[in-house]
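Colleague: Attaching a predicted model along with its sequence, questions to come.
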Amino acid sequence: MDKKPLFKLREVSFGYRQGEPVFSNLSLEIMPGESVCILGANGAGKSTLLKMLAGLVFPFAGGLEAFEEQLTEKRMENDRFAQEYHRRVGFVFQNPDAQLFTTRVWDEIAFGPLQLGLSPEEITTRVEDVIKMLSISSLKDRSPYHLSQGEKKKVAIASVLVMNPQVLILDEPTTGLDPKTQRWLVELILELNHNGRTIITSTHDLNLVHLLADRVLLLSEDHRLVYDGPSQKVLANRRLLASVNLIDEYSHTHDQGQHTHLYVHG
């Protein structure tokens, strides 16, 4: 049996109040088990698209489907529907401070399962399992506000994974992380995808794209989808990357002849 898309956008248009439209007539599909990277310069609309898939903002025109159902603001006003949707689709903000709010890491991770009404035993099992999985047992009794940026990111991810989502959405997940934590996060994303989870990330870091995903959705600075295909192919297309302001090609002439230098925006 053919797989059905997890997400389907059909000629979607969206804009924030009193502002220019972010998207007009955007169409795309994301299949179960994919690892997809949304690539684009700052301001291209990456975060907005992720929030739309996460059920946090909604189009004012066009169709948005998730799990073969229409996803609308009115449907999300139903508490039971919203709770189930956010259990299935986990969202990790670019800034972990935006989603950390308790005074103890263990309680932070346990909050989601507690809202599901799970038994104390099930909550404890889930929390301890994800703490072990992410190797953060040394953090569980600390305050999230006293952690490093990398530690906060791990706790934010733990608070989402403890819900056992089918889809994990991460907005610019490596921003502010040291190289060691970046490597840890990339390896985690690959492992989760290998185990069947659908992973959707965003970045403007060209050095990470081929590590994060096999498929790229490239957004231009005027919020158009200008490429949808293999990550390796788009990374080799300098003209396209330059057109969306992700790289500059600077040419100059000296005694040895003309040379072109590539500048990657980061």
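Modeller: The structure has been received and is ready for your questions.
Colleague: Could you name the helices and strands sitting against the helix or strand harbouring Asn207?
Modeller: Using DSSP states H and E, Asn207 maps to helix 206-212. Using 3 or more CB pairs under 8 Å, 6 or more residues apart in numbering; DSSP states H and E, the elements in contact with helix 206-212 are strand 35-39, helix 179-194, strand 198-203, helix 231-235. Just so you know, the C-beta spots here come from the backbone N, C-alpha and C atoms, and that holds for glycine as well.
Colleague: can you put those in a markdown table and add mean pLDDT, distance to Ser24 and mean neighbour count?
Modeller: Supplementary listing: the helices and strands packed on helix 206-212 in a markdown table, determined by pLDDT from 0 to 100; distance: least, CB to CB, whole Å; neighbours: other CB atoms under 10 Å:
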| stretch | mean pLDDT | distance to Ser24 | mean neighbour count |
| --- | --- | --- | --- |
| strand 35-39 | 97 | 17 | 25 |
| helix 179-194 | 93 | 31 | 16 |
| strand 198-203 | 96 | 20 | 24 |
| helix 231-235 | 95 | 22 | 17 |
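Colleague: Would you reformat these as a markdown table and include distance to Gly55?
Modeller: Below are those laid out as a markdown table (distance: least, CB to CB, whole Å):
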| stretch | distance to Gly55 |
| --- | --- |
| strand 35-39 | 16 |
| helix 179-194 | 20 |
| strand 198-203 | 13 |
| helix 231-235 | 26 |
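Colleague: so which of the ones you listed gets nearest Gly112?
Modeller: Among the helices and strands packed on helix 206-212, the nearest to Gly112 by CB to CB is helix 179-194 (16.9 Å).
Colleague: relative to strand 35-39, how tilted is the closest one?
Modeller: Between helix 179-194 and strand 35-39, the angle comes out at 130 degrees (axes from the mean of the first three to the mean of the last three CA atoms, to 10 degrees).
Colleague: Run through the strands of the stretch 1-150 of the chain in chain order.
Modeller: For the stretch 1-150 of the chain, applying DSSP state E, counting those that start in this stretch gives strands covering 7-15, 21-30, 35-39, 61-66, 69-70, 89-92.
Colleague: Deepest-packed of those, please.
Modeller: For the strands of the stretch 1-150 of the chain, ranked by mean neighbour count under the definition mean count of other CB atoms under 10 Å, the leader is strand 35-39 at a mean of 25.
Colleague: From the chain's centroid, how far away is it?
Modeller: 8 Å (CA atoms, centre = their mean, to the nearest Å).
Colleague: repeat for stretch 8-26
Modeller: 19 Å.
Colleague: May I have the distance across that stretch, first residue to last?
Modeller: 10 Å (CA to CA, to the nearest Å).
Colleague: what does stretch 214-223 give?
Modeller: For stretch 214-223, the end-to-end distance is 22 Å (CA to CA).
Colleague: Which residues outside it are in contact with it?
Modeller: Residues from elsewhere that reach stretch 214-223 (CB atoms under 8 Å, 6 or more residues apart in numbering): 21-24, 26, 28, 34-41, 43-46, 49, 209, 225-231, 234, 240, 243-245.
Colleague: Any buried residues in that stretch, and which?
Modeller: 215-221, 223 (16 or more other CB atoms under 10 Å).
Colleague: Quick check: the two most widely separated of the residues you listed?
Modeller: Maximum distance among these (CB to CB): 21.2 Å, for Arg215 and Glu221.
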